[in-house]
Structures are given as C-alpha cells and as structure tokens.
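Engineer: Structure for this input, please:
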Amino acid sequence: MSQAYRIPYHRRRRFALTQSKSALISKTTTTTCLLCYLLLIELIQPPSSLNNNKHKFLFCQASWIDPDTPSHAFTVSPLKVVPAPKENGKSKHHDSQDTQEKTSSRQQQQHHHRRNRDPTQTPTFYPTFEPTQFPSTSPTTVTGAPTTPKRMYDLVFSDEFNTPHRTFHDGSDPRWTALDKNDYTNDAQHYYSPDNAYTDTNGHLIIKSEAADTTIVGFNDVQYKNERITKHFKSAMLQSWNKFCFTGGIMEAEMALPGRHDVGGLWPAFWLLGNLARHTYVGSSEHVWPWSSTVCTDKSRTAQLVSACDRVEHYGLHTGVGRGAPEIDVFEVQAGSIKANTGNFLKMPVGQPFMSSSYQVAPGRIPRPGEGWWPAPGQWYDNLTAGMNTSMNIIFYGTYNHFRDDTNPAEQDYWSDAISYNRQLNESHFGKFHKYRVEWEVPEEASKKNNYTKNYGYIRWFLDDEFVLEVKGEGLNASGTGAEISRFPQRCPSNCPCKTYNCRGGYGETCGFSEGFCDMINEPVEYKVNYVRVYQDKNDPKQKVGCSTPERPTRKFIEAHKKKYMQKGDVQPLKPIHKGGGECSVAAPMNATLPESCGGVTRGKCDVSRNPPTCSCLKNWTGPHCLNQVAYDDIIWDPVETLADLGFRGPELKGPMGVMAVFILFAVIVAPILLNAKKKRRRRTGYSKVPDYESLLTILLRAYLRKLASSYMCARAVLERQHQASRSRSRDLSHDVNT
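Structural biologist: Reported below is the predicted structural model:
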C-alpha cells in the first residue's frame, strides 16, 4: 500500500486529523492534530449519464429501520432555505458573487416595473360603452394561486441506540464498524479503539476520547520502515462502509458535542464518503478521493483512477463514467478561544467555536484563491448561499494531492477543493443535544420526464432546522472542472516544536496543547449521539439504498482490490456478523439487557450445553451477545453471480443412475487421490509399501498405457524397417544407373 508523499501530509495536517478535512486552522507549522471523534456513513456517487429507467425502481422499506423509532419520525419534508439578510445589496456573510448578481438584477427588475405616474391614454369626452341597467353576472370569487404539494420523504434507516451495552467491534453489528486501527494520516496523535464506542443506559451512543497509551508497530512513510511507537490518546471511529449506503435523500442526527467550547484539541465530526474509498485505509483513497468528475478531461485521464476516458469495462464499472469518493461533511467542529475578526480569523466574521460544513470534490479549480484571502471574481464557485451566522471558510480551500508511488507527478498530481462554510457555535452546543441535518438532491440528466431540463442537484445543511448553507450543482458545472453534486481534532497553536504529544510527559511533550486541554482529557470526554436517521423520496427513482447500485456499482471493484481495504492480519475487509457465540452466565438476571444474559429473554438465551456457556440469539437479533438488531438491504442491486446466472445447468442425478454416477465419480476422482495421499504419508514415515490392491480403474489404465506404448514401439520399428528398405533400393538403383 503506497503512502502519500510527506510534504502533502504536512500540508493536510495543518487542517485536520483525518485525510484532507475542510476546517479552519491557524498557520503555525509547529502544531499537530490530536483527537478525533468520527461517525462516518457511506454514500454512493450519484448517476449523471446513465438511464435510470433501465432498472425498475424498488423502494427500501424497513430492513434498516430501528423498531424503537418514534412514529412521528417516519416522514419528513424539506426545510425552507432562508439566506442571510443583505446589506447594500451584499450579503452580511459573504454569499457567492452569483447570488449578489441575482439580487442586483432583481432590484433592477423591480425598478423597471414601478407604476408610471402618467395615464396610459388621454381621457375622452364621452364614455366608450353604454352602461347596463343590471349587473351581467354575480360577483366572482377570487381564486388563490395554485400550491405545489410538499415533497415528503420516508424513513429508510434509523438507529436510536436505545439498547444498552451494544458494541461495534468488527463482526458485531450489521450497521456500524468501530475501527481497531492506528490512524497514521496527518500525523494523528490517537489510536482508534473499538472499546471506546458503545451504548449507555440512557439510549445514547458514546464515542469516548481519553488519555491512554497504545503501543503499536507503525510504518514510517519517510524512512520506509516499521517502527515501534506509542500513541498516548484513544478515540473511536464508526463507519457504515460497505454495510449501509444511500444515494440522495435527507440525513439528520441529534448529537451532543464533547469537551469545552473554549478549549481546543478535539475535533468531533459527522460526514459522508463515497463507498469506493475507506477512510484511514490510504491505499483505497489514492486517486479516488474526492473525485466527482464524470467527464473525460486531460487531468482526469491521468489523475483519476477510474475516469470517464476509460473505454473498457472492468469490475462492472460502466465505461465513460468517472468514479470516485466525494465527501460531504455534515459538520466538523473546532472549539477554541480565538474570536471572529481576531488572530487567524481576522478577516472572517465567524471565529471559534464553529462547525465547518463542506463538500469536497476533485479536480480542483485553477487558478484558485490564496489561503486567508477572499476569492477574486471567477476564482471560486458560484451558486453558494449562506445562512445566518455563517461565513465562507477562507483559510482552507482544499488540498494538493501527491502520492510517492506516482511516476509522473506533473500529470498525476491534482488539487481537490473544499467548498466550505463555517457556522458560529456557542457554549450551549457542547454537552447539550442539537439536531444536524443535510438534504441531498441527486443530479438528473435532461429527459422527456423533466421536459428536457437538466437538474444539477444540490446539497443543503441545517442546524436545529435553521439554514446554514446550500451548494447548487449549477455552480459546479459552471466551474468547468467536470465536478458535480454527489451523492474530521484540532491543531494547537504553539511556538514549541513538539514531536510527541503526551499529557503525562514533560514540557517538551505538553507545550503544544491548548490551555486546559490535559485537564479536560484526563477525565474522559464523551461525544453523544441520540439517533441517526435517513429519509428518501419513494417517488424518486434516483434515490436508492445500497452500496453497489446499478448506476454506481462497487462490489466487484472492492473484491478485486480488497487488500486496499484491509490492514495487516485481516482475512477480509469486514468480518461476517456473529449471531451469538459470546460468553454468558446462567447466574445473570435473564430479564436484564446485559451481555451476560444475552440481551434478556426477548433477544437471546444462554446455551448451557456448551462449555463455556454461550449466547444463542432469537429472531431479529444478532451480535455475539444478541444486543444488535438484524439489519440488511431489502434489495440487492448487485448480487454475487453463480454458475446458474451464466446459464450453466448441471446434470440432474436421480434414482439408480444418480447412485451409479456418484460411484463412478468416486472411483475416478476421489479414490486415486486418497491412494496417492496414503502413499505419500507412508513415504514420510520412512518406508514405502507396495500396495496389496489397486483400484480397477488404475489397473485398466496402466494396462492400456502399456499396450499403447507397445503398439507405438512396434509401429515405430515397422516404419524404421520400411525406411531402411527404401534407402537400400535407392542405393541399388543408383548403382545400376552408374554401371
């Protein structure tokens, strides 16, 4: 697995813990990232050039829905977009140039439509029509303007986290996987441990960060060797990679942010990533993250792993369709004490603490704005609309991507863009629950169904149902890069050159922390999640549930490159879900929802016939201790092929003919194999014994071969005698002629 070049990693490290995140950071180069809480859901890049009518649309109903979901949460409708107010024709929070031009155009139209004070014609001396004696008809009723019915979205996925003591180790949960892995991207200071993610007795998912040591053997991508290192912090990352994926719809979650609002060092996040890349598995993201270009360009031909320039279909990926793993950050939160219009945020009306919402795409724009500067006309994307207390993130516009194994950097390197806005937070957002939401409309090609008008799609962000940001696909399309709508702690400002960060270390290991960080982290802090829900429009065939859809398949590609999605020691990227098998105790109260009681009598039972006793799960429950609900896709869009799918039908073996066929198969194949294995075993023990018997088939075969060899030798002898006689006659004839 190739590693990214060191310099770009330092470049990414300046902005976030995880790979190329889109939040604001100061420019001090002697700082690094610390702890990250991550909740990651996979998305599928949306269709842009395929005919969606080719496949009949089926809607996922209930197999991902948590039965504990309250009835009022089964349907939602889109929220209203309320932009920030304007001042003198310009947005208070720096909306895009396109939006400002639209406002100016609208004001000009209003000016031209003002009523003229002069009459339209000169009054006449006589009336133009004779008045009638009676009114012609009854007074008419004014008809209101027609209203468009509100679009409704139905629940397709939910996790309420109400079952206590759930864990998310690989193979334990059908929805989530908690990584057990070192995060070596961006000089991260933590280790991802699955023990740091669990559900509590209050119905919350807990992602805990703590100051705890983990000693590992890691790979040094500068010296190209393994080295023994100790990570002094632990956190957790949950992924739904290759389990639950969705294309288009609405996702919302209720969460309480960890830590203190004025102490930097933690970076909680909630985001979406295309299924072709698996975060922290760097090999899977090279030349894949965050590509969203579906057209063939000179840059995509050389820098995009699967580009629209490809004309040969491999791994089920459609020809002429670019593929990648774009990223939608619902939020990345940075706490701290640097206020707006001061320090690193001198030119920004939003300071710490803030949440950064972004859409990351590739290829990036060239030319591009400089970090810390507002974009000049034509340097950045249009059709961006911001809400109240929100500002464009001018400190991070994206990442330059270079990978050490590339042979032609000039053509293979590429920029990726982070279309990012920051929303001001306050003390109430930390430790208290708030609702975060993203609405995602998938692009649609022009067709008769939509009056031959292309829909470029959009992504919208909301906090507590208040509008934060909208990114329209029209702005991406106008950029000319070929990107389109797709489908996370913080660095610490310091002047001391810390190479290791350790709250239990000396000054050289603690000088880089924000003030108060070690006091905060020594008492483990918790990132809490009340629920996660996903909704889709059942009348929209573009919106689907599944990680490998007809429009954007991924299964065969992942299977063919599975080493990119694994770490050393893994047999498969994901373990199969264990249905029971965890140790239990007959002394545990059977009505309690405990691992020792297999979740209680409604979920599982303790099988005492086994030694030691283990859990046996009832219907609809799974996991080692039967604490996780069964969940799966109702529709398998890309099933695993069998020989029957290819048209092969084997012989039907019934009755006496079937018994005879099995006997012959055994005699021809199995018996010789067993005899040969027996011979080899005897030779290994130091002697070789002549068999007392052989199979009839072997005897006949050897006799036939001997006879065949004898016939061959006889035929060869006859041919040689004939050849010698012919040569003798030729010599006699030549002698007679000479005489």
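Engineer: Determine the number of other residues adjacent to A340.
Structural biologist: 18 (other CB atoms under 10 Å). For glycine as for every other residue, the C-beta is placed from the backbone atoms N, C-alpha and C.
Engineer: ok, it - contacts?
Structural biologist: By CB atoms under 8 Å, 6 or more residues apart in numbering, the contact list for A340 reads 348-351, 424.
Engineer: Which of these ranks first by neighbour count?
Structural biologist: Among the contacts of A340, V350 has more neighbours than the rest - 24 neighbours, counting by other CB under 10 Å.
Engineer: Quickly find the element holding it.
Structural biologist: Using DSSP states H and E, V350 maps to neither a helix nor a strand.
Engineer: And for N226?
Structural biologist: Using DSSP H and E, N226 maps to strand 225-231.
Engineer: list the helices and strands that strand packs on?
Structural biologist: strand 214-220 (3 or more CB pairs under 8 Å, 6 or more residues apart in numbering; DSSP states H and E).
Engineer: Does anything pack onto the strand it packs on? Which helices or strands?
Structural biologist: Against strand 214-220 (3+ CB pairs under 8 Å, 6+ apart) you get strand 181-182, strand 225-231.
Engineer: which ones are touching the residue nearest to E254 when sequence neighbours are not counted?
Structural biologist: For E254, ignoring the flanking residues on the chain, the nearest one in space by CB to CB, 6 or more residues apart in numbering is N530 at 4.0 Å. N530 makes contacts with 160-161, 203-204, 253-256, 433, as judged by CB under 8 Å, 6+ apart.
Engineer: repeat for Y535
Structural biologist: Going by CB under 8 Å, 6+ apart, the list of residues near Y535 reads 75-76, 153-156, 249-251.
Engineer: and which of these is nearest F331?
Structural biologist: Proximity of those to F331 (CB to CB) peaks at M251, which lies at 11.8 Å.
Engineer: Please enumerate the helices of the protein.
Structural biologist: Along the chain, counting by DSSP state H, helices occupy 6-13, 97-112, 282-285, 298-303, 409-412, 473-478, 507-510, 517-521, 555-560, 655-665, 671-684, 696-738.
Engineer: Can you find the helix or strand in this structure with the smallest mean pLDDT?
Structural biologist: Sorting the helices and strands of the chain by mean pLDDT, DSSP states H and E puts helix 6-13 at the bottom, at a mean of 30.
Engineer: count of residues packed around N202?
Structural biologist: So N202, with other CB under 10 Å, has 11 neighbours.
Engineer: give me phi/psi at T593?
Structural biologist: Torsion angles at T593 (phi, psi; degrees, to the nearest 10) stand at phi -90, psi 80.
Engineer: Surely it and H165 touch.
Structural biologist: Yes - in this structure T593 lies within contact range of H165 using CB atoms under 8 Å: 6.8 Å.
Engineer: Look at these two and report which has more neighbours.
Structural biologist: The neighbour comparison of T593 against H165 (other CB under 10 Å) goes to T593, with 20 against 16.
Engineer: Would you mind listing the two of the contacts of N530 that lie farthest apart?
Structural biologist: Top of the distance list for these (CB to CB): E160 and A256, 15.2 Å.
Engineer: Those two - which one has more neighbours?
Structural biologist: Remark: of E160 and A256, E160 carries more neighbours, 22 against 17, as counted by other CB under 10 Å.
Engineer: excluding its backbone neighbours, what's nearest that one?
Structural biologist: That would be D68: by CB to CB, 6+ apart, it lies 4.2 Å from E160.
Engineer: The one you found and V263, how far apart?
Structural biologist: From D68 over to V263 the distance is 34 Å, taken as CB to CB, to the nearest Å.
Engineer: So for C617, what pLDDT did the model give?
Structural biologist: Model confidence at C617, given as pLDDT, is 97.
Engineer: Who are the contact partners of it?
Structural biologist: C617 makes contact with 579-580, 598-599, 603-604, 623, 626, according to CB under 8 Å, 6+ apart.
Engineer: picking that back up, next up, the contacts around the residue nearest to E160.
Structural biologist: Counting by CB under 8 Å, 6+ apart, D68 has contacts 160, 162-163.
Engineer: so which of those residues comes closest to P194?
Structural biologist: T163 (17.0 Å).
Engineer: what's the burial count for the closest one?
Structural biologist: 21.
Engineer: what's the answer for the one 3 residues further on, then?
Structural biologist: The burial count assigned to R166 is 25, neighbours taken as other CB under 10 Å.
Engineer: mind checking how far A178 is from D159?
Structural biologist: A178 is 14 Å from D159, by CB to CB.
Engineer: about what we covered before: ok, and for the strand holding N226, which residues are buried?
Structural biologist: K231 (16 or more other CB atoms under 10 Å).
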